[in-house]
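> I'll drop the sequence and a predicted model, then ask my questions.
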Amino acid sequence: MVRRGVDRILEDSVFFPQAFSTGSRIGFVTSDGAPVSRGPQGRRTAREALIEAGCPLSLLFAPEHGLAANAADGAAVDDGQDRVTGLPVVSLYGPRLMPRIQEVADLDLVLFDLQDVGARFYTFLWTLSHVMEACAEAGTPLWVLDRPNPLGGLEEWVEGPLPDPDAPSGFLGRWPVPIRHSLTLGELALLMRAEMGLELALDVVAMEGWRRRDLLPGTGLEWHPPSPGLPTFASALLYPGMALLEATNVLEGRGTPLAFHWLGAPWMDPALGAVELNSIGIPGIRAHVHDLLSDGTSCPGIRLEVTDATTLRPVEMGLRLLTLLRTLWPSEFDWAPYPTVANPAGEDHLYRLLSSRTLVALLVGEPRRVQDARFEAWTRPEGWWERAEPHLLYH
């Protein structure tokens, strides 16, 4: 069983004398999507467990989806008060994405404990980057309580592209990181501190027992949805590729148990789509016809079954899937905006996800047969692992 950073904080008494003395003021970036292990009284939130252990939390910060991890994707979250602990909650996904410097300066320490999903455009990484910048400016130490990358940590599982140098520096990619990066948030914090030149007192409370070849099922830990759109591990595994459908008029199953491993549209012939998709022979998946009932309405579509998580390359799969949809239904398929707090108009969403003009041009140009698109080469990010290796905590 993997021991996460928060488990070590709670179970290893060596941590408390260092920073958790009486009178300290500690901030905590957290959500219910990152609970602690079950105890005698059942599953607890990390903030409850820390307070019970004597950690003097005084202020909570919540990422996208809010403290309860149930707000809709891209929806603004307000400041508030935690019903569980009574502590004030500052939203980092609303009118502002970064803590106020004075809020951080008034603290003796900030703890950061969120469950990432291993994809560049999942926003928790960029919340971390903003918290790091605020702590550096305020002179407040930051501890990142590390958790597993559920998509594993092997170099061979990395998928790009790396963002263009002039790509939008928005909340889907503030630093040159590939889409599937194979690092933990702790490792990414170390990399960003070095590459961004931050003078930050940063400590990563590393895990024990995590191996880079471990996908989430190999860790012995349960899957806890960090957001409503990722109800299962299969959803998270396919998310780096299936999220590209956000920029189209094709549904990706959000709000259902099949989120991100189903796709459909009223104009789709799912039998034709499933046959064509299976004929491509994308490693690690198989397609099945599956009409999905959502909001009382049945929609024709395709369910993706993961047959081998270790060979699946979800980004390449998503790119091939987009070219297939354009090839089979050129008149019905279309690109669409995707409004969020960070991009209210929702424009250029495909480019914001991919951050590569080369790939966007390949996708939006003249439809072509899937087997002619050389996506594997485009998704190999040169130089990423050389940048990552000095900051790896697990070998």
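Received, thanks. Residues are numbered from 1 along each chain as shown.

> mind listing what's buried in stretch 66-74?
66, 67, 68, 69, 71, 72, 73, 74 (16 or more other Cβ atoms under 10 Å). Quick note: C-beta positions are derived from backbone N, CA and C, even for glycine.

> and stretch 266-277, by the same measure?
Buried residues in stretch 266-277, counted by 16+ other Cβ under 10 Å: 268, 270, 273, 274, 276, 277.

> got the contact list for it?
With contact meaning Cβ atoms under 8 Å, 6 or more residues apart in numbering, stretch 266-277 is reached by 250, 264, 287-291, 299-302, 321, 324-325, 328-329, 332.

> from those residues, which land in helices?
321, 324, 325, 328 (DSSP state H).

> among these, who's most crowded?
Within these, most neighbours by other Cβ atoms under 10 Å means residue 321, with 26 neighbours.

> run through the residues that contact that one.
241, 242, 244, 245, 263, 277.

> cutoff 10 Å now
Counting by Cβ atoms under 10 Å, 6 or more residues apart in numbering, residue 321 makes contact with 241-242, 244-245, 250, 263, 273, 277, 280, 282, 285, 287, 302, 304, 314, 370.

> again with residue 121
170-173, 177, 179, 239-240, 243-244, 246, 349, 352-355.

> try residue 289
Contact analysis of residue 289 by Cβ under 10 Å, 6+ apart lists 269, 270, 271, 272, 273, 274, 275, 300, 301, 302, 303.

> name the nearest of these relative to residue 143.
residue 303 (41.1 Å; Cβ to Cβ).

> tell me how far the closest residue to that closest one other than its chain neighbours lies from residue 26.
Nearest non-adjacent residue to residue 303, counting by Cβ to Cβ, 6 or more residues apart in numbering: residue 290, 3.7 Å away. With distances taken as Cβ to Cβ, to the nearest Å, residue 290 is found 47 Å from residue 26.

> output the below-cut-off pLDDT ranges for the chain.
13-14, 16-22, 38-43, 294-296, 367-374 (pLDDT under 70).

> I'd guessed residue 383 sits against residue 161; true?
No: using Cβ atoms under 10 Å, residue 383 makes no contact with residue 161, being 11.7 Å away.

> next secondary structure after the helix or strand residue 186 falls within?
Element membership of residue 186, judged by DSSP states H and E, is helix 185-196. Using DSSP H and E, the helix or strand that follows helix 185-196 towards the C-terminus is strand 202-205.

> what comes into contact with that next one?
Outside strand 202-205, the residues that reach it (Cβ under 10 Å, 6+ apart) are 4-9, 12, 15, 18-19, 109, 111-113, 132, 135-136, 141-146, 184-190, 192-194, 391, 393.

> at 8 Å what do you get?
5-6, 8-9, 15, 132, 141-146, 186-187, 189-190, 193, 393.

> that strand pairs with which strands?
Sheet pairing for strand 202-205, assigned by DSSP bridges, gives strand 142-145 (parallel).

> contacting residues around the partner strand?
Contacts of strand 142-145 (Cβ under 8 Å, 6+ apart): 4-6, 8-9, 19, 46, 109-113, 128, 131-132, 135, 185-186, 189, 200-205.

> mind checking which of the residues you listed are buried?
4-6, 8-9, 19, 46, 109-113, 128, 131-132, 135, 185-186, 189, 200, 202-205.

> hmm, back to that, can you tell me which of the contacts of stretch 266-277 are in strands?
Residues of the contacts of stretch 266-277 located in strands (DSSP state E): 264, 287, 288, 289, 299, 301, 302.

> got CSV for those residues, with distance to residue 226 too?
Converted to CSV, the ones in strands among the contacts of stretch 266-277 look like this (distance: Cβ to Cβ, whole Å):
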residue, distance to residue 226
264, 24
287, 27
288, 27
289, 30
299, 26
301, 25
302, 25
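
> let me see the ranges of the strands in this protein.
So, for the chain - with DSSP E - the strands run 26-29, 57-62, 80-81, 88-91, 109-112, 142-145, 202-205, 262-264, 285-289, 292-294, 297-299, 301-306.

> out of those strands, nearest to residue 97?
Across the strands of the chain, residue 97 has its closest neighbour in strand 88-91 (9.3 Å, Cβ to Cβ).

> report all helices and strands that that closest one contacts.
strand 57-62, strand 80-81 (3 or more Cβ pairs under 8 Å, 6 or more residues apart in numbering; DSSP states H and E).

> how far off centre is it?
Computed by Cα atoms, centre = their mean, to the nearest Å, the separation of strand 88-91 from the middle of its chain amounts to 21 Å.

> and the contacts of stretch 388-395?
Contacts of stretch 388-395 (Cβ under 8 Å, 6+ apart): 146, 153, 181-184, 186-188, 190-191, 194, 204, 206-207, 210-212.

> how long is stretch 289-308 end to end?
One end of stretch 289-308 to the other measures 19 Å (Cα to Cα, to the nearest Å).

> before we move on, what about stretch 179-198?
Start-to-end, stretch 179-198 (Cα to Cα) is 23 Å.

> may I see the buried residues of it?
179-193, 198.

> measure residue 225 to residue 317 for me?
22 Å.

> the more surrounded of those two?
Taking neighbours as other Cβ under 10 Å, residue 225 and residue 317 compare with residue 317 leading, 25 against 20.

> isn't the more buried one up against residue 282?
Yes: between residue 317 and residue 282 there is a contact under Cβ atoms under 8 Å: 5.2 Å.

> shared neighbours of those two, anything?
Counting by Cβ under 8 Å, 6+ apart, nothing touches both residue 317 and residue 282.
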